[in-house]
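J.: okay, predicted coordinates and the sequence, questions at the end:
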Amino acid sequence: MTAITAKQRAALKRALNIRRRQIELALRGDTERLQAEAEDASAGVPDRAEQATHDVSVDLAVAAVRRDGDELDAIDAALQRIDQLDYGSCLDCGRPIAYERLKLFPEASRCVSCQAQSEKGTGLNTRSL
């Protein structure tokens, strides 16, 4: 497996920046939804069924914000690795990450083998992707 080319790196950086903008927009929507839910809660909920529905809606919005925040962190870390020119190398073993993997998951910080080990809980490093 060979390291990615400058052209591939530039394409992946563009993809990361596009995804970053998409997530920022989604986060704004999720934040607005949480604010609306908070306003609804302050207005009072008439019965337990509506309260349960409200609670589930809030939980889903909070989970979406956390998920998007985690993805933004991974994207920002990948963009930083691109700027430092160590993007495309596995953070655990140092081998090149396959370009095909990076096309699918441009924020990936591990090769497939090390990611599988990490997901099993046996990896030495617990960084995401």
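T.: Looks like it arrived, so ask away. Residues are numbered from 1 along each chain as shown.
J.: mind listing what Leu102 touches?
T.: 4, 8, 12, 88, 108 (C-beta atoms under 8 Å, 6 or more residues apart in numbering). Any C-beta I mention is one placed from the backbone N, CA and C, and that applies to glycine too.
J.: mind checking which of those are in helices?
T.: 8, 12 (DSSP state H).
J.: okay if I get the contacts of Leu102 as JSON lines plus neighbour count, pLDDT and distance to Tyr99?
T.: JSON lines is the format used below for the contacts of Leu102 (neighbours: other C-beta atoms under 10 Å; pLDDT from 0 to 100; distance: C-beta to C-beta, whole Å):
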{"residue": "Ile4", "neighbour count": "20", "pLDDT": "92", "distance to Tyr99": "5"}
{"residue": "Gln8", "neighbour count": "14", "pLDDT": "95", "distance to Tyr99": "6"}
{"residue": "Leu12", "neighbour count": "22", "pLDDT": "97", "distance to Tyr99": "8"}
{"residue": "Gly88", "neighbour count": "25", "pLDDT": "94", "distance to Tyr99": "8"}
{"residue": "Ala108", "neighbour count": "23", "pLDDT": "96", "distance to Tyr99": "11"}
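J.: quick check: the farthest pair among the contacts of Leu102?
T.: Gln8 and Ala108 (13.5 Å; C-beta to C-beta).
J.: following the helix or strand that contains Arg67, which helix or strand shows up next?
T.: If you go by DSSP states H and E, Arg67 is part of helix 48-83. Later in the chain than helix 48-83, the nearest helix or strand by DSSP H and E is helix 99-104.
J.: quick check: buried residues in that following helix?
T.: 99, 101-102 (16 or more other C-beta atoms under 10 Å).
J.: keeping just the C-alphas, turn it into PDB.
T.: Taking C-alpha atoms only, helix 99-104 is exported to PDB below (Å, rounded to 0.1, in the frame of the first residue of the first chain):
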ATOM      1  CA  TYR A  99      -7.100   5.600  -0.200                       C
ATOM      2  CA  GLU A 100     -10.300   3.600  -0.700                       C
ATOM      3  CA  ARG A 101     -10.900   3.800   3.000                       C
ATOM      4  CA  LEU A 102     -10.200   7.500   3.100                       C
ATOM      5  CA  LYS A 103     -12.600   8.100   0.300                       C
ATOM      6  CA  LEU A 104     -15.300   6.500   2.300                       C
END
